[in-house]
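K.L.:
Next input, structure requested:
(one chain, ligands or ions: 2)
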Amino acid sequence: MTGINKAACIGGGVIGGGWIARFLLAGIDVDVFDPHPEASRIVGEVIANAEKAYAMLTGAPLPPRGRLTFCETLEEAVAGADWIQESVPERLDLKRGVLNEIDAVARPDALIGSSTSGLLPTDLQRDMKHPERLFVAHPYNPVYLLPLVEIVGGEKTSAATIKAAMERLPPIGMKGVHIAKEIEAFVGDRLLEALWREALWLIHDDICTVETLDDVIRYSFGLRWAQMGLFQTYRIAGGEAGMRHFLAQFGPCLAWPWTKLTDVVDLDDALIEKIGQQSDEQAADLSIRELERIRDENLVGILQALKGGDGGKGWGAGKLLKDFEQSLWAQGGGTTTSFDPSKPLRLVETKVSPAWVDYNGHMTEHRYLQVFGDTSDALLRLVGVDVAYVEAGHSYYTVETHIRHLGEAKLGQAIHSTCRILSVNDKRLHVFHTLHDTATGEAIATAEHMLLHVDSKAGKATPAPAVILDKVKAIAEAHANLVAPEGVGRYVGQKR
Ligand SMILES: NC(=O)C1=CN([C@@H]2O[C@H](COP(=O)(O)OP(=O)(O)OC[C@H]3O[C@@H](n4cnc5c(N)ncnc54)[C@H](O)[C@@H]3O)[C@@H](O)[C@H]2O)C=CC1
Ligand SMILES: C[N+](C)(C)CC(=O)CC(=O)[O-]
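P.N.:
Ligands and ions are numbered 1, 2, ... in the order given. Next up is the predicted model:
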């Protein structure tokens, strides 16, 4: 499904570990070579972070996790791999050596990506026997959550390699951007370096502390950048006349200039100590692992917000997430699972995401409806109401809902839902869902819904076809033998 059956990761540090997690969670087997004595622990911690983040990021059915193997040699790891990702330290001689080794043992049609942050692919591929399959695939940390990969070819990289690399990224939830000309540091790190240089001067010259500088970014343009980048943001800042007016008004300022960008700050011991101390104060007692957790939760929240952007169509990285989820549903969601008729159907497994928690410190009201809605969707897919069925013009719409809140769901808590079909006829489908704490099995909430089968083009109820109805009825008949769920038919204000 992803076009990658087996990936090899050479180097399993911060970035290699992120690639490994990205591949594994997309269902791809990964063979790793990293001589570091603690490589498997380090990679294991990155995978654990990634799994926590994905559990909060999406309710879509992820494929079964790929198989992870640590290999004794590079040759063993690379054997049979379709995509080989090099993520060793940023030194040209080291990378060249490793890439030449990969080149000697890789399958002839394998794609070889380098995670380099700034080295030229032409320099990396210089001594390779098959340089046409080498390209830069520059990701962003954490690779398992940030979707961008800059794809850069060298003088000897073939167009077919670039095309194949670009095509393999969306199925693993990533977005490739092809950088037209190779240049040191590509696009992203050029921009980051400009900001970084200026930031170091501001600290050096005591204009502000590292904390103030970070606040300036995260309370203002950092929020804008995540959703519209630079040019589209400035287009809006030009008012109704847009970009041309913006350039006319602020273009001349570039000559003043407001920057020390072309000077390189001397990172002497005093400056390193000053930044180190201010950074320690800023972090207070938070460890790197705690900061990673906070970062991941925030990124999940931002991605989810963007998924609802542009009136629910999704925007930027959120649109990418939405499309990725659609493909996951199409692959995994439509499969008919066998079910035990003596029990309610167990349909949605998830964890309480940071974006779901309110000021009371627990899952907020409308997220209950979201999970119950996902439960109805999972039931519908089980009986054949899948993406193709809906696109062909029919669906079920929910027309009535009653939710009861019986307990609390806290941040990160594992929860799952079960479904009972109470009754069904050719148009109506009456269901009762329960949300459980997965650790204890206790009910946290229940929801009773009435759904109608509709002709979505005509916008009115219509009988469901036998191909759907027969499946629903089979489940309903099995569920009729169960004891009626507690709370069925309740209404607000009813005496208990
Ligand atoms: N850290 C970051 O924010 C980013 C780094 N990158 C790039 O990713 C690459 C890796 O950087 P990091 O993961 O940060 O470094 P790192 O130091 O965390 O990891 C490098 C890993 O490579 C392993 N290694 C060293 N020699 C090796 C060899 N001969 N064969 C196999 N493994 C070997 C090391 O044991 C280590 O685990 C660099 O090219 C860097 O520029 C790209 C994007 C972001
Ligand atoms: C610092 N860095 C140059 C290694 C950063 C990157 O390459 C990308 C990122 O994740 O910021």
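K.L.:
Quick one: name the residues of the stretch 151-300 of the chain near ligand 2.
P.N.:
189, 192 (CB under 6 Å from any ligand atom). (C-beta placed from N, C-alpha, C; glycine too.)
K.L.:
Pick out the residue in the stretch 151-300 of the chain sitting closest to ligand 1.
P.N.:
The stretch 151-300 of the chain approaches ligand 1 most closely through residue 189 (8.0 Å), counting by CB to the nearest ligand atom.
K.L.:
what's that residue in contact with, if anything?
P.N.:
Applying CB atoms under 8 Å, 6 or more residues apart in numbering, we find residue 189 in contact with 117-118, 138.
K.L.:
The residues you listed: which ones sit near ligand 1?
P.N.:
Checking the contacts of residue 189 against ligand 1 by CB under 6 Å from any ligand atom, the ones in range are 117, 138.
K.L.:
Inside strands: which ones of the contacts of residue 189?
P.N.:
residue 138 (DSSP state E).
K.L.:
Quickly note the distance from residue 124 to residue 38.
P.N.:
27 Å (CB to CB, to the nearest Å).
K.L.:
and the two? which has more neighbours close in?
P.N.:
Ranked by neighbour count (other CB atoms under 10 Å), residue 124 and residue 38 place residue 124 first, with 25 against 11.
K.L.:
pretty sure that one is touching residue 95, no?
P.N.:
Yes: contact criterion CB atoms under 8 Å: residue 124 and residue 95 qualify, at 5.8 Å.
K.L.:
Pull up the overlap in contacts between the two.
P.N.:
114, 116.
K.L.:
so what's the spatially most central residue of the chain up against?
P.N.:
For the chain, the residue nearest the mean C-alpha position is residue 145 (4.4 Å; CA atoms, centre = their mean). Residues near residue 145 by CB under 8 Å, 6+ apart: 50, 53, 57, 296, 299-300, 303.
K.L.:
can I assume it sits in a helix?
P.N.:
No: counting by DSSP: H, G, I helix; E, B strand; the rest coil, residue 145 is not part of a helix but coil.
K.L.:
What is the neighbour count of the residue in the stretch 351-496 of the chain that ligand 1 sits nearest to?
P.N.:
The stretch 351-496 of the chain approaches ligand 1 most closely through residue 354 (22.7 Å), counting by CB to the nearest ligand atom. A total of 18 residues lie near residue 354 under the criterion other CB under 10 Å.
K.L.:
list the contacts for it?
P.N.:
So residue 354 contacts 56, 297-298, 300-301, 411 (CB under 8 Å, 6+ apart).
K.L.:
can you pull the pLDDT of residue 336?
P.N.:
Looking at residue 336, its pLDDT is 44.
K.L.:
What separation do you get for the residue in the chain that ligand 2 sits nearest to and residue 9?
P.N.:
Of all residues in the chain, residue 117 sits closest to ligand 2, at 3.4 Å by CB to the nearest ligand atom. Residue 117 sits at a distance of 17 Å from residue 9 (criterion: CB to CB).
K.L.:
Could you check which of these two is surrounded by more residues?
P.N.:
residue 9 (30 against 19).
K.L.:
which SS class is residue 434?
P.N.:
With three-state DSSP as the criterion, residue 434 reads strand.
K.L.:
for it, what are its contacts?
P.N.:
344, 417-418, 420, 443, 445-446, 485.
K.L.:
Is it bridged to anything, and to what?
P.N.:
Beta-bridge pairing for residue 434 (DSSP bridges): residue 418, residue 446.
K.L.:
Based on its surroundings, how many neighbours for the closest residue to residue 315 other than its chain neighbours?
P.N.:
Computed as CB to CB, 6 or more residues apart in numbering, the closest residue to residue 315 that is not its neighbour in sequence is residue 309, at 3.2 Å. Using other CB under 10 Å, residue 309 has 16 neighbouring residues.
K.L.:
Give me the phi and psi for residue 309.
P.N.:
phi -70, psi 170 (degrees, to the nearest 10).
K.L.:
Distance check, the closest residue to ligand 1 within the chain against residue 77.
P.N.:
Residue of the chain nearest ligand 1, by CB to the nearest ligand atom: residue 13 (1.9 Å). Per CB to CB, residue 13 is found 15 Å from residue 77.
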